[in-house]
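Engineer: I need the structure of the sequence given here:
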Amino acid sequence: MNFEQEIKTTLISNNFLIYISTEEEERLEYILKHTTNQVFKERIYSWNFIDGYTDNPNYISQCIQNPLEALNTITKYNNKKAKVFFLKDFHVFLKDISISRKLKNLYQYLKKSNQYVILSGTDINPPIELKEYLTYLQMPLPNKKEILLELNRFLYTINIDQCKYKTTICTAYTGFSINKIRKSLSKLILSDISQHEIIEKILQEKEEILQKTEGLKFYSSHNNLLEVGGLQNLKYWLHIRSLAFTQKAYSYGIKKPKGILLVGIQGTGKSLSAKTISHRWNMPLFRLDVSKIFVGILGESENRIEKIINICEKSSPCILWIDEIDKIFSEYSNTNDSGTKQRVTNIFLTWLSEKQQDVFIVATANTINQLPIEILRKGRFDEIFFVDLPNFKERLKIFQIHLKIYRPMTWNKYNIYYLSKITKGFSGAEIEQSIIDAMYIGFHKNREFTTRDVKNTIYKIIPLSIIERTKILNLRKWGYSGKINIA
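Structural biologist: Below is the predicted model of the structure:
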């Protein structure tokens, strides 16, 4: 059911006092006007704090900057054709005791007079004392049909009747408001670019817009291919599910995968795996930054996680990468936050278990000690993989990958067999760092770096497997307990 149909159903179900959470006031008003005309064959009466009732000249002056009088006016309105009143930005006033009391009194009047009041605001949750009276709705971001309408307007403006990239462009714009899409398209109108270049420009714009969304970072699936050394079981698991989000898989009856949890030692390729999956599956990647979700303002943290979930759902199919998910349950566990952390966690875990949209979760963790039981149980993730330190063959592959990046023409001149033997207990990140340090040596001496340079830097590095020996031994004991898969 789309949002317009949801509003229709809400109105004809005798919900007389409605609160709609949104940041797209203009789009909401357009939908409400269209819906009101369809259901009641009447127009809607709108109020805002500065202008009062813009469609009601009889009461315009006394309702300006007076939300209480705006509510009183509804009971004074004698015209029976006035069915629906739309009061904007009303979340600001709901905590006022006089407003709260007036809404409770008004609720009884609305039922008798068969009138409707719709309040809009950006808060995702109305006050507890009004929950029994308000019917709460959250307006979703525009769907692909609405985005396609905006795109067709854009293509008409630049005199393009047909665009073979139309579907790709619509997908690129999922997850954004109509206003943001219009601003992005306006920039493209002024640019003399080809149809193919439009997609790249949109993806750049998308990344810029998402940078303003607290707690979410966008990675384009068009980035250069990244390769992870080792992790063969994980690669196979992902490979046989690579087409799980296609129409062919849907017709076959395949249940779409929910996500995976990668637990293991730092620097072993867990984070790199998320980027690789995005590229191989050709799906956009969003990275959740937990540190930017939790803020001091009451209710704002919940707003942010709800907004992030909304963006991910509207951008589906996509991948949500939650790096170091164990920190969510440790960094804020001992803070006096009035239950904010617990509420955010509950919102996220509930969504993780019940989500219907094609959002594939890739969560990583360096330890399991801080992870609650509810996140480890079946249903949250399809599989939990333990990512161990690379073995000899995997270290060979890791050296090969990194040397091909830094020296694509001469990588085979390095004795990677010997280097792999002497790096037992090294992570992939530590192997890469040994090559980088060797390059500094060669550059400083004005010559090419050699196998000997890499060997010398290896002997100077103290790997994490030695520094955190006890923790890593316990983690490996858990990983090889037979309870989870080995990546």
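Engineer: for Asn48, what are phi and psi?
Structural biologist: Dihedral pair for Asn48: phi -140, psi 160, per degrees, to the nearest 10.
Engineer: one more: the one 3 residues further on?
Structural biologist: In this entry, Asp51 is assigned phi and psi values of phi -100, psi -10 (degrees, to the nearest 10).
Engineer: please apply the same query to Tyr136.
Structural biologist: Dihedral angles (degrees, to the nearest 10) for Tyr136: phi -100, psi 130.
Engineer: nearest spatial neighbour of it, skipping sequence neighbours?
Structural biologist: Nearest non-adjacent residue to Tyr136, counting by Cβ to Cβ, 6 or more residues apart in numbering: Tyr19, 5.3 Å away. C-beta here means a position set from N, CA and C on the backbone, and glycine is covered the same way.
Engineer: for Leu185, same thing?
Structural biologist: Phe154 (4.4 Å).
Engineer: re the thing from before, for the residue nearest to Tyr136, give the beta-bridge partners.
Structural biologist: Leu119, Tyr136 (DSSP bridges).
Engineer: excluding its backbone neighbours, what's nearest Lys33?
Structural biologist: Ile44 (5.3 Å).
Engineer: and that neighbour, how far from Lys83?
Structural biologist: For Ile44, the distance to Lys83 equals 8 Å [Cβ to Cβ, to the nearest Å].
Engineer: gap between Tyr440 and Tyr406?
Structural biologist: Applying Cβ to Cβ, the value for Tyr440 to Tyr406 is 12 Å.
Engineer: show me where the stretch 51-200 of the chain has helices.
Structural biologist: 67-76, 97-113, 144-157, 166-173, 178-189, 195-210 (DSSP state H, counting those that start in this stretch).
Engineer: now the fourth one: buried residues?
Structural biologist: By that I understand helix 166-173. Ile169, Cys170, Thr171, Ala172, Tyr173 (16 or more other Cβ atoms under 10 Å).
Engineer: now the third one
Structural biologist: Neighbour-count burial for helix 144-157 flags Glu146, Ile147, Leu148, Glu150, Leu151, Phe154, Leu155 (criterion: 16+ other Cβ under 10 Å).
Engineer: got the contact list for Leu71?
Structural biologist: By Cβ atoms under 8 Å, 6 or more residues apart in numbering, the contact list for Leu71 reads Leu87, Ile99, Lys102, Leu103, Leu106, Val117.
Engineer: tell me the pLDDT at the second one?
Structural biologist: So that's Ile99. At Ile99, the model reports a pLDDT of 92.
Engineer: okay, now it: neighbour count?
Structural biologist: 19 (other Cβ atoms under 10 Å).
Engineer: what sits closest to it if chain neighbours are left out?
Structural biologist: Nearest to Ile99 is Phe93, by Cβ to Cβ, 6+ apart, at 4.6 Å.
Engineer: wait, isn't the one you found in contact with Arg101?
Structural biologist: No. In this structure Phe93 lies outside contact range of Arg101 using Cβ atoms under 8 Å: 12.0 Å.
Engineer: with neighbour numbers in mind, choose between these two.
Structural biologist: Set Phe93 next to Arg101 and count neighbours by other Cβ under 10 Å: Phe93 wins out with 20 against 12.
Engineer: any idea how far that one lies from Asn48?
Structural biologist: From Phe93 over to Asn48 (counting by Cβ to Cβ), the distance is 12 Å.
Engineer: ditto for Trp478
Structural biologist: 58 Å.
Engineer: looking at these two, which has the bigger crowd around it?
Structural biologist: More crowded of Trp478 and Asn48, by other Cβ under 10 Å: Asn48, with 20 against 15.
Engineer: got the contact list for Thr423?
Structural biologist: So Thr423 contacts Arg395, Glu430, Ile431, Ser434, Ile458 (Cβ under 8 Å, 6+ apart).
Engineer: among the residues you listed, which lie within strands?
Structural biologist: In strands, judged by DSSP state E, none of those are found.
Engineer: now, of those, which are buried?
Structural biologist: Buried residues within these, defined by neighbour count using 16+ other Cβ under 10 Å: Arg395, Glu430, Ile431, Ser434, Ile458.
Engineer: burial measure for the residue lying closest to Tyr418 once chain neighbours are set aside, as a count.
Structural biologist: Leaving aside its chain neighbours, Tyr418 sits nearest to Thr451 (6.9 Å; criterion: Cβ to Cβ, 6+ apart). By other Cβ under 10 Å, 14 other residues sit near Thr451.
Engineer: how much space separates Thr451 from Ile461?
Structural biologist: According to Cβ to Cβ, Thr451 stands 16 Å off from Ile461.
Engineer: quickly list what Ile44 is bridged to.
Structural biologist: In this entry, Ile44 is beta-bridged to Val84, by DSSP bridges.
Engineer: tell me who's in contact with it.
Structural biologist: Taking Cβ under 8 Å, 6+ apart as the contact definition, Ile44 lies against Glu29, Leu32, Lys33, Thr36, Asp55, Val84, Phe85, Phe86.
Engineer: repeat the analysis, applying 6 Å as the threshold.
Structural biologist: Listed by Cβ atoms under 6 Å, 6 or more residues apart in numbering, the contact set of Ile44 reads Leu32, Lys33, Thr36, Val84, Phe86.
Engineer: and the second one, what element?
Structural biologist: The reference is to Lys33. Using DSSP states H and E, Lys33 sits within helix 25-40.
Engineer: report the distance from that helix to the chain centre.
Structural biologist: 28 Å (Cα atoms, centre = their mean, to the nearest Å).
Engineer: same check on stretch 379-397?
Structural biologist: 25 Å.
Engineer: would you map the strands across the stretch 351-487 of the chain?
Structural biologist: Using DSSP state E, counting those that start in this stretch, the strands of the stretch 351-487 of the chain run over 359-365, 383-387, 485-486.
Engineer: what's the least confident stretch among those?
Structural biologist: Across the strands of the stretch 351-487 of the chain, strand 485-486 gives the lowest mean pLDDT, at a mean of 78.
Engineer: for it, packing partners?
Structural biologist: strand 383-387 (3 or more Cβ pairs under 6 Å, 6 or more residues apart in numbering; DSSP states H and E).
Engineer: just the C-alphas of the strand it packs on, formatted as CSV.
Structural biologist: Extracted C-alpha coordinates of strand 383-387, given in CSV (Å, rounded to 0.1, in the frame of the first residue of the first chain):
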residue,chain,number,x,y,z
GLU,A,383,25.1,-16.7,8.9
ILE,A,384,27.9,-15.7,11.3
PHE,A,385,31.4,-16.2,9.9
PHE,A,386,34.6,-16.2,11.9
VAL,A,387,37.5,-14.5,10.1
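Engineer: on that earlier part again, for PyMOL, write the selection for the buried entries among the contacts of Ile44.
Structural biologist: One line in PyMOL is enough to select the buried ones among the contacts of Ile44; burial here means 16+ other Cβ under 10 Å:
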select buried, resi 32+36+84+86
